[in-house]
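Got a sequence here, can you build the structure:
(4 chains)
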Number of protein chains: 2
Amino acid sequence: MPTEAAGKGRAPSIRDVARVAGVSHQTVSRVLNEHPSLRDSTKQRVLEVMEELQYRPNRAARALVTARSRTIGVLTTRSDQYGPASSIRAIEEAAREAEYLVLTSSVTSTDRDALREALAHLVEQSVEGLVIIAPQQRVVEAISELSVDIPYVTMQSTGLLDDTVPSVDQIGGARLATRHLIELGHRDIYHLAGPQDWIEAEARMRGFLDEMGAQEVPTTAPILGDWSAEFGYYAGREMLRIRDFTAIFSSNDQMALGLIHAIHEAGLNVPGDVSVVGFDDIPEAAHFWPPLTTVRQDFAELGRRCIARLLEGLTGDSERYRGTIAPELVVRKSTAPPRR
Amino acid sequence: MPTEAAGKGRAPSIRDVARVAGVSHQTVSRVLNEHPSLRDSTKQRVLEVMEELQYRPNRAARALVTARSRTIGVLTTRSDQYGPASSIRAIEEAAREAEYLVLTSSVTSTDRDALREALAHLVEQSVEGLVIIAPQQRVVEAISELSVDIPYVTMQSTGLLDDTVPSVDQIGGARLATRHLIELGHRDIYHLAGPQDWIEAEARMRGFLDEMGAQEVPTTAPILGDWSAEFGYYAGREMLRIRDFTAIFSSNDQMALGLIHAIHEAGLNVPGDVSVVGFDDIPEAAHFWPPLTTVRQDFAELGRRCIARLLEGLTGDSERYRGTIAPELVVRKSTAPPRR
DNA sequence: CACCCGCATGTGAACGTGCACATGCTCGAG
DNA sequence: CTCGAGCATGTGCACGTTCACATGCGGGTG
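Numbering: from 1, shown residues only, chains lettered A, B, ... in the order given. Presented below is the predicted three-dimensional model:
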């Protein structure tokens, strides 16, 4: 005499469902995978039994037999900052919609070993694809070093190399910011750039230099920062010892905040004495003092597109998200014509 | 005649390793699980073959047979903000160390349905434990509603309910901030609180009220905010229409930033006319203008302890992280004695 | 020398799912 | 009436790992 529902601690499987519904386990599997040739009544019955038994498909078993993990890895540094964090959130959402899982691996330092280790960790979880939010150059090196052959998408692209890769037009955004300063009448403009192995930082610097060149404004070498407000502050203090400029374009909002701090501390006024433009438009930027003129980029959209792009490559669909995402100049109170 | 290494596209399995090493698959498994009774020479040989074949254990197969996913879920709102984001990072790190995976599910809105859905998503991935960074009350409701029986740890606890749960002493921190203002001579102090269903927010409000009561300073009802700088700004504008206060204690740094913005905009001075204290000590706080006096809490440590606590429950070990994490008052320039 | 114990290793069966193939049934064309 | 096509479903195995149990072997004890 067979006991009804065995339930020996394990969760119900498709076989349990099949037994109760009076069908074969394969039929249950077909219901799960939405196989076309299934009688409606059968399908309904199976679904009811699933509900009744509180059946949940076993991801591990499925991954085992299909040899696909349906998991995407995100390799990130600075995941505690607004940009990366909001991209990650969007990535998660988009992935969930496509029934993919997201595994993030954050790394504190960006040295080669740390990146390699984080990457190895993701690879060991057999992720099917990779999104990189980190100094691209080094990570790409690490990928080839580990000789893993996983499709990846990087989040810091210029929008130049390959227009099939989703990207914000960083160069264009930087030119927007720079042009804004020039149009206000500034001629002595500094650029506080990000770390040079971030493609993002390089693109913004390039945009700055391009625009300065196009408008025939002479410029000095950009200062290389590390994205932090702390750095912006100390860089600002140094710069103010000479003070041969009337405006600064900072590669992100945090460094701009540090700059403004240094300027205020020196008894100067923003934008009266020095105009400052940032990049990113973090939610706080509107409430800096003065509210920051900056370039807004849509991190969430970027995250969504990255996933779309990655999944497209994974599944072979060719529904492309072409073209770059246009950033937008948000003029607030930290910029004004130079006093003179 | 058996072909040497089959390699039909699939990654090598323990059986492949076993064949090459001339042992049984079980012996390979024992190497993986560090079984005590293994001859050293055997172990070495197996390890060499693993290296040679680039063998990677298959997580899915393991999860299938052990019925354990070794995965922890994090349910979070506002994952793009500094506090949650840095906790998540620490959680990931700690989990990785314990060979656990972290799945985060961020949710934009905090209504019941969204939380329920995000929770269901995590449950479907068969997470073994849960860390909650969200309005606790509602999530707990959702958990019982879904009748899932998963151990969980919440990140916003007061440190009062149960001292086995890791937590920052929010009440103590709030009292520190409040006492600082009182000691400076302020008597008309407002509190801008967080959303009331965040235990964190409630605890800080409680700390504020407790301290005010203990020092016999009369107080008015706190204002309930939503954590955002935007809210702080508009709340500030409203408050300044009456202006019957000389200091404000904000429940987080972002709202404090908005407040300062409103105060500056009204032509007033911080801390000259109004002193402001924040909470969290986000990295930007030191570079606000004026640099913000705030209460620092160690989000990373909190994340680590949460995982320790969760794993302890999962594995039955009893190595406890007792006691609360003490927050620290960081006095900068946004507070001063009242002008009078 | 017979016995048993413990170490090092092997054997076979699960785990829950999907795939390839097989089966029976219905329906319409010739 | 026969036959093949296609639909709805079933059967058995494979995926990579661990678990329970079996096996052989060396050595200490009586």
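
Pull up the gap between the closest residue to DNA strand D within the stretch 151-300 of chain A and residue A:129, please.
Residue nearest to DNA strand D within the stretch 151-300 of chain A: residue A:151 (20.6 Å; Cβ to the nearest atom of the strand). From N, CA and C alone the C-beta is placed, and that goes for glycine too. Distance of residue A:151 to residue A:129, given as Cβ to Cβ, to the nearest Å: 5 Å.

With residue A:315 instead?
For residue A:315, the distance to residue A:129 - Cβ to Cβ - is 11 Å.

The two - which one has more neighbours?
residue A:129 (21 against 10; other Cβ atoms under 10 Å in any protein chain shown).

Show me the beta-bridge partners of that one.
residue A:72 (DSSP bridges).

Isn't it up against residue A:73?
Yes: applying Cβ atoms under 8 Å, one finds residue A:129 in contact with residue A:73, separated by 7.2 Å.

Does residue A:233 touch residue B:289 like I think?
No: Residue A:233 is beyond contact range of residue B:289, at 11.1 Å (criterion: Cβ under 8 Å).

what sits in contact with each of the two?
Residues touching both residue A:233 and residue B:289 (Cβ atoms under 8 Å, 6 or more residues apart in numbering or on different chains): residue A:261.

and residue A:212, what is it in contact with?
Residue A:212 neighbours (Cβ under 8 Å, 6+ apart): A:178, A:182, A:189, A:218-219.

any low-confidence regions in the stretch 151-300 of chain A?
A:156-165 (pLDDT under 70).

Which residues are in contact with the residue of it found nearest DNA strand C?
In the stretch 151-300 of chain A, the residue found nearest to DNA strand C is residue A:151; the distance is 20.2 Å by Cβ to the nearest atom of the strand. Each residue near residue A:151 by Cβ under 8 Å, 6+ apart is listed here: A:128-130, A:310, A:313-314.

7 Å instead, please
A:129, A:310, A:313-314 (Cβ atoms under 7 Å, 6 or more residues apart in numbering or on different chains).

Over to residue A:266?
residue A:240.

hang on, the earlier thing: most neighbours among the contacts of residue A:151, which one?
So for the contacts of residue A:151 (other Cβ under 10 Å), the most neighbours sit at residue A:310, 24 neighbours.

so what's that one closest to, chain neighbours aside?
Nearest residue to residue A:310, sequence neighbours excluded (Cβ to Cβ, 6 or more residues apart in numbering or on different chains): residue A:129, at 4.5 Å.

gap between that neighbour and chain B?
16 Å (Cβ to the nearest Cβ, to the nearest Å).

Quick check: neighbours shared by residue A:151 and residue A:129?
With Cβ under 7 Å, 6+ apart as the test, residue A:151 and residue A:129 both reach A:310, A:314.

how many neighbours does residue A:224 have?
Using other Cβ under 10 Å, residue A:224 has 16 other residues around it.

That one contacts residue A:191, correct?
No: with contact defined as Cβ atoms under 7 Å, residue A:224 does not reach residue A:191; the gap is 9.9 Å.

hang on, residue A:270 packs against residue A:334?
Yes: proximity of residue A:270 to residue A:334 meets the contact threshold set by Cβ under 7 Å, at 5.4 Å.
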